[in-house]
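Engineer: Turn this into a model:
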Amino acid sequence: MKRLKIFLMIILAPTLLILPAKGEREVREVFSLFSLFKGESSFQDALNTSNLTTPAMVVFYEKMNNQPVWFEKGQLTRFGKIAIDVLKTVDQEGLNPEDYEDVVHLIEVPKPLVEENWVNAEILLTRRFLEFIDHVRIGRIDPMKISHDIKFHSPKTHAIELLIDALQDKKTEGNKLRLMAPNIPQYQDLKGILADYRHQEQGHIQEPKLTLSTPLKFGDSDKEVVILRQILISHGCLDPVLDSGEKFDENVRAALNEFQKRYSLDMDGTVGTRTRDMLNFPVKEWIRKIIVNMERLRWLPDDLGHKHIIVNVAGYVLHGYEDSQVTLMMPIIVGRPDRKTPLFYATLRNIVLNPSWGVPHSIFINDKLPKIRNDPAYVRRANFIITDRQGKTIDPDAADWLNEVKNYYLRQSPGIHNALGQIKFNIENPYIIYLHGTPDQHLFTKRARAFSSGCIRLKYPLKLAAWVLNHDSQWSCDSIQSAINSGETQTLTPDEYVPVYFTYQTIWMKKSKKGKRIFYSNDPYKLDAKMIKILKVK
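Structural biologist: So this is what the prediction gives:
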């Protein structure tokens, strides 16, 4: 480049000396040409010396032939304008605008941009936009730093490749820059919910509050019922046409039941302390919760697989997806707060019909041993077999439950009373976590269901087995049930491995006959508050 500039100066210098006065425009154009070379050289020099330049930016500009991408002749290009527009609206993605406002302010200064300004702005805009891609795609913090029960790091974003693809896609003319957020339905649902709550907050709508100190129930007449109606209407649980009077009538009870169902509360149709607190929960706090839920969805990989399972631990629900559509849904029971279900990704390896249960030693010592010591007949009644370290069967009546427990192993025989139910789904993971049925079906009547020792109990294991095996014509609900009825333990391997993602969403959308509805959980592991603090969500 330096030799080329010297060559042009030698060739063009004589011309500058003989140009007439009326050739001032041509003179300016020639000097403009020199300035262009100077500008390119200055840009590369500035890039190499700027303390804003990261190794990723060096790689990016090398792939872009070391040319600026946001500016041309000191003016924002179409790409630059789109990039600035994206960074000005990051709040729509639940991100903090303050993280990007420096480049927005630099570019929007009223005075014309001289060379030094646009070069600095170019470098800063690239830095911030690559950061934005990381933030919106995989999140702002490493999941494993939040809780030891989260067993994965964020996926890789490949921010440079995403940015280059957006800049070079001629069909979209740069509009791919607007599409950096996760392209999964759950994320887009939350983004819409966030916009609705922000609209309420910005509209300065006075939030009605219940002040009652005693339960409000069906048949009561009270001024508080008027406030209750207003809140239920705002949540879409009560038709505004039905808003009339201080009477707690059937319409209010049905709407309250709907509210309690969506907020993982016991559906008793009564406004007790927990229901009152949830009805009074401020919009601002919901916004914070939505933002951290969006953050958690960024932890999922871009490609979930055309057929996959999402276990929402916080929501007590399992969804089966095929080509981004929910084709299976069922209630689940998750680990209790002192025995949390870990969050991880894994592959469903096989399905075991009529499984036995090798009781983990911690459960044996903490849960089963007190029962056995109190009632030795429990071992036979629950179909348990005791063995020693050599695999020898121990007579429960002759077992030394005080001194030899550390040498005993407990296994439950297959059957309808087996703790795993009649179907077990083995998942590749080192945490001894799997999905299984359960004889304790009565627990599914509870709205909040954190009762297990970490594994996932399924309400409809037979349906899940048929869903996993639906590409195999040999297996249907009926044929699987027949195999179970035989009493034999049998292992079925799917034709294709199905990925399973353990997530933690306390807010999500669910389709119903009335359209999409927002559902909320009670945040059993209290991750929302912890993440709000870490992310400094305002």
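Engineer: any idea how far L216 lies from G94?
Structural biologist: Separation of L216 from G94 (CB to CB, to the nearest Å): 35 Å. Where you see a C-beta, it was placed from the backbone N, CA and C, and this is true even at glycine.
Engineer: of the two, who's got more company?
Structural biologist: For L216 versus G94, neighbours defined as other CB atoms under 10 Å are more numerous around G94 (25 against 20).
Engineer: Burial check on I164, number of neighbours?
Structural biologist: Per other CB under 10 Å, the neighbour tally for I164 reads 15.
Engineer: Test my guess that it contacts M64.
Structural biologist: Yes - in this structure, I164 is within contact of M64 by CB atoms under 8 Å, at 7.1 Å.
Engineer: what residues are shared contacts of these two?
Structural biologist: Overlap of the contact sets of I164 and M64 (by CB atoms under 8 Å, 6 or more residues apart in numbering) is empty.
Engineer: Near the residue lying closest to A46 once chain neighbours are set aside, how many other residues are there?
Structural biologist: What sits nearest to A46 in space, not counting adjacent residues and going by CB to CB, 6 or more residues apart in numbering, is V119, at 4.7 Å. Using other CB under 10 Å, V119 has 22 neighbouring residues.
Engineer: ok, now which ones touch V119?
Structural biologist: G39, S42, F43, A46, P68.
Engineer: is it fair to say I332 lies in a helix?
Structural biologist: No - membership of I332 in a helix is not supported by DSSP: H, G, I helix; E, B strand; the rest coil, which gives strand.
Engineer: Beta-bridge partners for it, please?
Structural biologist: L458 (DSSP bridges).
Engineer: Please tell me how far it sits from A56.
Structural biologist: From I332 to A56 the distance is 40 Å (CB to CB).
Engineer: can you check R381 too?
Structural biologist: Applying CB to CB to R381 and A56 gives a distance of 63 Å.
Engineer: Neighbour count for the two, which is higher?
Structural biologist: When R381 and A56 are compared for neighbours, A56 comes out ahead with 16 against 10, by other CB under 10 Å.
Engineer: Spell out the secondary structure type for the more buried one.
Structural biologist: For A56, the assignment made with three-state DSSP gives helix.
Engineer: How about the contacts made by the residue lying closest to K459 once chain neighbours are set aside?
Structural biologist: Once flanking residues are discounted, K459 sits nearest to P331: 4.6 Å by CB to CB, 6+ apart. Neighbouring residues of P331 by CB under 8 Å, 6+ apart: Y316, V317, L318, F444, R449, K459.
Engineer: For the third one, which three-state class applies?
Structural biologist: Right, the one you point to is L318. Reduced to three states by three-state DSSP, L318 is strand.
Engineer: Quick check: it touching I309?
Structural biologist: Yes - with contact defined as CB under 8 Å, L318 reaches I309; the gap is 6.4 Å.
Engineer: Skipping its backbone neighbours, what lies nearest I423 in space?
Structural biologist: Once flanking residues are discounted, I423 sits nearest to P461: 4.1 Å by CB to CB, 6+ apart.
Engineer: same thing with R296?
Structural biologist: Of all residues not flanking R296 in the chain, Y504 sits nearest, at 5.8 Å (CB to CB, 6+ apart).
Engineer: any idea how far that neighbour lies from V317?
Structural biologist: Distance, Y504 to V317, by CB to CB: 12 Å.
Engineer: And N522, by the same measure?
Structural biologist: Distance from N522 to V317, by CB to CB: 13 Å.
Engineer: between the two, which one's more packed in?
Structural biologist: Comparing N522 with V317 by neighbour count (other CB under 10 Å), the higher total belongs to V317, at 22 against 17.
Engineer: distance of the more buried one from K289?
Structural biologist: Remark: distance between V317 and K289 (CB to CB) = 17 Å.
Engineer: and if you look at N96?
Structural biologist: 16 Å.
Engineer: Equivalent analysis for G358, please.
Structural biologist: In this view, G358 and K289 are 39 Å apart by CB to CB.
Engineer: Could you do I394 as well?
Structural biologist: Noted for I394: a distance of 51 Å to K289, by CB to CB.
Engineer: Then M330?
Structural biologist: Per CB to CB, M330 is found 24 Å from K289.
Engineer: cool, and L410?
Structural biologist: Computed as CB to CB, the L410 to K289 distance reads 41 Å.
Engineer: what secondary structure does G454 sit in?
Structural biologist: coil.
Engineer: where does the nearest residue to it once chain neighbours are set aside land on pLDDT?
Structural biologist: Excluding the flanking residues, the one nearest G454 by CB to CB, 6+ apart is G335, at 4.1 Å. For G335, the pLDDT comes out at 97.
Engineer: Also E496?
Structural biologist: E496 carries a pLDDT value of 88.
Engineer: With D243 instead?
Structural biologist: Confidence at D243, expressed as pLDDT, is 73.
Engineer: How about I18?
Structural biologist: pLDDT recorded at I18 is 40.
Engineer: Same question for L4.
Structural biologist: Note on L4: pLDDT of 44.
Engineer: residue ranges of the helices in the stretch 401-538 of the chain, please?
Structural biologist: Remark: helices assigned in the stretch 401-538 of the chain by DSSP state H, counting those that start in this stretch are 461-468, 477-485, 527-535.
Engineer: Can you check which of these gets nearest to D495?
Structural biologist: When those are compared by CB to CB, helix 461-468 sits nearest D495, at 9.7 Å.
Engineer: Compute the inter-axis angle for the closest one and helix 477-485.
Structural biologist: 120 degrees (axes from the mean of the first three to the mean of the last three CA atoms, to 10 degrees).
Engineer: what's in contact with helix 461-468?
Structural biologist: Applying CB under 8 Å, 6+ apart, the external contacts of helix 461-468 come out as 318, 320, 327-328, 330, 348, 351, 421-423, 425, 435-437, 458, 475-477, 480-481, 492, 494, 498.
Engineer: Could I get the average pLDDT for it?
Structural biologist: Average pLDDT, helix 461-468: 96.
Engineer: Stretch 442-455 too?
Structural biologist: Averaged over stretch 442-455, pLDDT sits at 94.
Engineer: List the buried residues in it.
Structural biologist: The neighbour-count check on stretch 442-455 (16 or more other CB atoms under 10 Å) flags F444, R447, R449, A450, F451, S452, S453, G454, C455 as buried.
Engineer: before we move on, what about stretch 293-301?
Structural biologist: By 16+ other CB under 10 Å, the buried positions in stretch 293-301 come out as N293, M294, E295, R296, L297, R298, W299, L300.
Engineer: In contact with the closest residue to E224 other than its chain neighbours, which residues?
Structural biologist: Leaving aside its sequence neighbours, E224 sits nearest to L212 (CB to CB, 6+ apart; 4.9 Å). By CB under 8 Å, 6+ apart, the residues touching L212 are D222, E224, V271, R276.
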